[in-house]
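Undergrad: Give me coordinates for this.
(one chain, ligands or ions: 2)
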Amino acid sequence: MKSPIIAPSILSADFARLGEEVANVLEAGADWVHFDVMDNHYVPNLTIGPMVCQALRDYGITAPIDVHLMVKPVDRIIPDFAKAGASIITFHPEASEHVDRSLQLIRDSGCQAGLVLNPATPIHCLEHVMDKLDVILLMSVNPGFGGQSFIPQTLTKLQQVRQLIDQSGYDIRLEVDGGVKKDNIGEIAAAGADAFVAGSAIFNQADYAEVIKTMRNNIIA
Ligand code: DX5
Ligand code: ZN
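TA: Ligands and ions are numbered 1, 2, ... in the order given. Predicted structure coming up:
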């Protein structure tokens, strides 16, 4: 297993103090900043865009920013996020007319690229684009909101995608997003994930370092 990545989702952070929250969670041991972009069209919620990503860079955040696009269409916003300091950009295949083109656009913009699969999205959509993926993100909740419960069927899907990645020989991260907690991260890791998004499990606790440390211990255990 690659060294595990903990990526706190800032959706559950205090937006009135976002820079400070992100700095604190990184100081507490987080690896990436998971940045949820929602458009009230592809998903029924509205969040933040490139300006906020740029603001975090201007504030001095240097950690990788993992931009999870839940917007439709995706192509127009990709170069804007690249310019605003995104490191990784992932999108849902249902939100792009030309998935291969969007993936290339992300890499051509200088970012790492990934696809996000909703709970009901079959894994065969990965088949012809494995060479263009740096990350595969499996949703373990339906996208749109933090604080939902982990859908257990994701464990089987993780095992299947893990096998696909290993057989492909490509260097691809397997990330999971939704309902990840201290007490289920062990089995999620055992199913093959090596990057873990957690929003409410981290930001709803007072001691971010304690949660992140326990998560890491439970991954290895
Ligand atoms: C949901 C978002 C997630 C969300 C996770 O659409 O993509 O990143 O913030 O939140 P928790 O960890 O609370 O399920
Ligand atoms: Zn997300």
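Undergrad: Summarise which helices and strands the longest helix along the chain is packed against.
TA: Taking DSSP state H as the criterion, the chain has its longest helix at helix 154-168. Secondary-structure packing of helix 154-168 (3 or more CB pairs under 8 Å, 6 or more residues apart in numbering; DSSP states H and E): strand 135-139, strand 173-177, helix 185-190. Glycine gets a C-beta too; all of them are placed from N, C-alpha and C.
Undergrad: Is ligand 1 within reach of the second one?
TA: Yes: counting by CB under 6 Å from any ligand atom, ligand 1 has neighbours in strand 173-177: residue 177.
Undergrad: Need the contact partners of that strand.
TA: 2, 5, 7, 9, 34, 66, 68, 90, 114, 116, 134-141, 154, 158, 161-162, 165, 188, 192-197 (CB atoms under 8 Å, 6 or more residues apart in numbering).
Undergrad: give me the subset of those residues touching ligand 1.
TA: 9, 34, 68, 141, 197.
Undergrad: On the three-state scheme, the residue in the chain that ligand 2 sits nearest to is what?
TA: Of all residues in the chain, residue 68 sits closest to ligand 2, at 3.8 Å by CB to the ion. Using DSSP: H, G, I helix; E, B strand; the rest coil, the structure places residue 68 in strand.
Undergrad: my read: it touches residue 95, true?
TA: No: the criterion here is CB atoms under 8 Å, and residue 68 misses it with residue 95 at 11.4 Å.
Undergrad: Mean pLDDT, mean neighbour count and distance to residue 24 for the helices and strands packed on helix 154-168 - can I get that in TSV?
TA: Formatted as TSV, the helices and strands packed on helix 154-168 follow (pLDDT from 0 to 100; neighbours: other CB atoms under 10 Å; distance: least, CB to CB, whole Å):
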stretch	mean pLDDT	mean neighbour count	distance to residue 24
strand 135-139	99	25	24
strand 173-177	98	24	21
helix 185-190	98	19	21
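Undergrad: Format these as CSV; extra columns: distance to residue 53.
TA: What follows is those, written out as CSV (distance: least, CB to CB, whole Å):
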stretch, distance to residue 53
strand 135-139, 17
strand 173-177, 18
helix 185-190, 26
